[in-house]
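Asks: sequence first, then the predicted structure, then my questions.
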Amino acid sequence: MNIVRIPRRSRVCADRAEDLHDGQYRNLSGKPNYFSTAYFHRLEDLRDEATAAGFEVKSVFGVEGPAWILPDVAARPADLVRRETLLRAARMIELEEQPGITAASAHLLAVARNPA
C-alpha cells in the first residue's frame, strides 16, 4: 500500500490560504490553546464594512504600525535615539493615511461616527 503524506507545512499553508480567501480563521481543532476564531480585514474592507453599517468613517489606523515586525521592537524605547526614530515614523504615518504602510500593521482600528 502506498500512502501519500501531505507535509504539515503544506496543510497549514492550504488552511491559511482558505482563511485569507474568506477572511475568517476558525479553530476547528477542539484545542482551546490554539489561536481563537478571528476575522481578517483588508484595509478597504474594514472601511467598507463600517460604512455599510451606517457609520461615517473618518480614518483607519494601523494599531501597531509596521514596527511590530522588528525583532527588537520592545528594546527600542529604552534607547532615546531609537525611540525618537520610531515615534517620528509613527507620527508621519498617522498624519497622512498611507494605505500600504497602514496595512502592514497586525491590527486595524476604524475611527468612525454614527451620524444619527
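Replies: Everything's here; your move. It should be emphasised that the depicted structure is a prediction, and the values quoted were computed from it without experimental measurement. Numbers count the residues shown, from 1 in each chain.

Asks: got the contact list for the residue nearest to residue 64 when sequence neighbours are not counted?
Replies: Leaving aside its sequence neighbours, residue 64 sits nearest to residue 105 (C-beta to C-beta, 6 or more residues apart in numbering; 4.9 Å). C-betas here are computed from N, CA, C, even on glycine. By C-beta atoms under 8 Å, 6 or more residues apart in numbering, the contact set of residue 105 is 61, 62, 63, 64, 65, 66, 68.

Asks: what segments of the protein are helices?
Replies: Using DSSP state H, the helices of the chain run over 8-22, 43-52, 80-95, 99-102.

Asks: now do the shortest one: distance to the chain's middle.
Replies: Which is helix 99-102. Taking C-alpha atoms, centre = their mean, to the nearest Å, one finds the center of helix 99-102 at 11 Å from the center of the full chain.

Asks: residues in contact with that helix?
Replies: With C-beta under 8 Å, 6+ apart, helix 99-102 has contacts from 43, 44, 60, 61, 62, 65, 66, 93, 108.

Asks: for residue 36, which of the helices of the chain is the nearest?
Replies: Residue 36 sits nearest to helix 8-22 of all the helices of the chain, at 12.9 Å, using C-beta to C-beta.

Asks: whichever of the contacts of helix 99-102 end up buried, select them in ChimeraX.
Replies: Selecting only the buried entries of the contacts of helix 99-102 in ChimeraX, with 16 or more other C-beta atoms under 10 Å as the criterion:
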select :43,60,61,62,65,66,93,108
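
Asks: turn the contacts of helix 99-102 into a markdown table, columns for pLDDT and distance to residue 32.
Replies: Listed next are those as a markdown table, based on pLDDT from 0 to 100; distance: C-beta to C-beta, whole Å:
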| residue | pLDDT | distance to residue 32 |
| --- | --- | --- |
| 43 | 82 | 31 |
| 44 | 84 | 33 |
| 60 | 87 | 31 |
| 61 | 85 | 31 |
| 62 | 83 | 29 |
| 65 | 76 | 31 |
| 66 | 75 | 31 |
| 93 | 74 | 36 |
| 108 | 87 | 26 |
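
Asks: now the contacts of helix 99-102 in CSV, with distance to residue 75?
Replies: Output for the contacts of helix 99-102, formatted as CSV (distance: C-beta to C-beta, whole Å):
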residue, distance to residue 75
43, 29
44, 34
60, 29
61, 24
62, 21
65, 17
66, 17
93, 21
108, 26
